[in-house]
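A.B. asks: Just a sequence and a predicted model for now, questions to come.
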Amino acid sequence: MLAGDVSRQNNDCGFVVGERHLRSGVTGRRDGHPIHRPRAATKTEVTVKPANSAPVYACMYQGLADLARDHGYALAAHGSLARDFDLIAVPWAASVSGPEVLVRAVLDKFAFNQIGEMTVMKHRRLCWTLSLSFGDTFLDFSVIPTDS
């Protein structure tokens, strides 16, 4: 090996042998034994997150989006879907139904129940919390009102 060369060779035990120290110019340890560099520990413990309602929410999206489109809105999902289904309806067509009309259509077409009253959020966004008729599945259904 030439001076200044660095070569590595792994043996079956996970040791690095034949490494030239850049400062000392010595191969291996000073006593000639290989430098021990343990291999990275393997992860043996797998963490599995608990199941949530995301698959249910994903299945509902197409029907909700079609209904919103029929009323002149584009529907977008946002958030993680881990706890609830956050939806926002944005006016998209030249003529749109009122926010209350859209929410009433959702309640009439799907097995949802309204929880509490509508809440006015930032930027005049109107938000309703809807629950499915079973389980702990909730929709935060927001509608951006038109300027008129």
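C.D. replies: Here it is on my side, so go on. Numbering: from 1, shown residues only.
A.B. asks: In the protein, mark out all the strands, start to finish.
C.D. replies: Ranges of strands in the chain, per DSSP state E, are 9-10, 16-17, 73-78, 85-91, 112-120, 126-132, 138-143.
A.B. asks: could you redo those strands as TSV and give each row mean pLDDT?
C.D. replies: Output for those, formatted as TSV (pLDDT from 0 to 100):
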stretch	mean pLDDT
strand 9-10	46
strand 16-17	46
strand 73-78	96
strand 85-91	96
strand 112-120	94
strand 126-132	94
strand 138-143	95
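A.B. asks: Which among the ones you listed is found nearest to residue 47?
C.D. replies: Residue 47 lies closest, by Cβ to Cβ, to one member of the strands of the chain: strand 85-91, at 24.6 Å. Bear in mind the C-beta positions are built from the backbone N, C-alpha and C, glycine included.
A.B. asks: So which residues make contact with the closest one?
C.D. replies: If you take Cβ atoms under 8 Å, 6 or more residues apart in numbering as the criterion, strand 85-91 is touched by 53, 57, 60, 64, 68, 72-79, 99, 102, 125, 137-146.
A.B. asks: isn't residue 127 right up against residue 138?
C.D. replies: No - the pair residue 127 / residue 138 is not scored as a contact, 11.8 Å apart, by Cβ atoms under 8 Å.
A.B. asks: low-confidence ranges in this protein?
C.D. replies: Across the chain, the ranges flagged by pLDDT under 70 are 1-43, 135, 148.
A.B. asks: Tell me which stretches of it form helices.
C.D. replies: Secondary structure of the chain (DSSP state H): helices at 54-70, 99-109.
A.B. asks: contacting residues around the closest residue to residue 124 other than its chain neighbours?
C.D. replies: Distances taken as Cβ to Cβ, 6 or more residues apart in numbering place residue 145 nearest to residue 124, at 5.8 Å, with adjacent residues excluded. Residue 145 makes contact with 91, 98-99, 124-126, according to Cβ under 8 Å, 6+ apart.
A.B. asks: which two in these are spaced the farthest apart?
C.D. replies: The distance between the two most remote of the contacts of residue 145 (Cβ to Cβ) is 14.5 Å, for 98 and 125.
A.B. asks: how close does the closest residue to residue 94 other than its chain neighbours sit to residue 138?
C.D. replies: What sits nearest to residue 94 in space, not counting adjacent residues and going by Cβ to Cβ, 6+ apart, is residue 72, at 7.7 Å. Distance of residue 72 to residue 138, given as Cβ to Cβ, to the nearest Å: 25 Å.
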